[in-house]
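Q: here you go, sequence then predicted model.
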Amino acid sequence: MKTQAPPLIPTCRFASAGEVGGVLCHCTGVAESSVHAMVQSGGVKTVEEVMTKTGAGTGCGACRCRINRVLDGLPAACGGRFDLCGGCGCISAICQCEAA
Ligand code: FES
């Protein structure tokens, strides 16, 4: 009888596993809800305005496509290369964890 190995615990040099959920920009910690509220109020219309007013997107830049999605009225999560890693919450493009 073969036993299964225990699941790997995600490790990442960028973030702890507790940072998943609601974060749009990993570098600055800006929440998706903050950007969504600004879009709904008409306070921002472009990625550049979001960057200036919130700081989101001013680090590595990997979340700018997620900002664009929120500006278009879509959820930030797209499941693509620049989405948040399900294992550690980092942007998948820069994530170094075992789950990515
Ligand atoms: S994740 Fe937003 S700038 Fe890096």
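A: All right, it came through fine.
Q: okay, CA-based contacts and neighbour counts for the rest of this
A: Will do.
Q: show me what counts as buried in the lowest-mean-pLDDT helix or strand in the chain.
A: Lowest by mean pLDDT, DSSP states H and E among the helices and strands of the chain is strand 23-25, with a mean of 89. Using 16 or more other C-alpha atoms under 10 Å as the burial criterion, the residues of strand 23-25 that qualify are 23, 24, 25.
Q: again, but for stretch 60-76
A: 61-71, 75-76.
Q: the ligand contacts on the protein?
A: By C-alpha under 6 Å from any ligand atom, the residues of the chain that approach the ligand are 25, 26, 27, 56, 57, 58, 59, 60, 61, 62, 63, 91.
Q: farthest pair within those?
A: Farthest-apart pair in the residues of the chain next to the ligand is 58 and 91; separation 13.7 Å (C-alpha to C-alpha).
Q: quick one: which of those two has more around it?
A: residue 91 (27 against 17; other C-alpha atoms under 10 Å).
Q: correct me, but the more buried one touches residue 80?
A: No. Contact criterion C-alpha atoms under 8 Å: residue 91 and residue 80 do not qualify, at 9.9 Å.
Q: so after the one helix or strand residue 53 maps to, what's the next helix or strand?
A: Using DSSP states H and E, residue 53 falls within helix 47-54. Downstream of helix 47-54, the next assigned helix or strand under DSSP H and E is helix 64-71.
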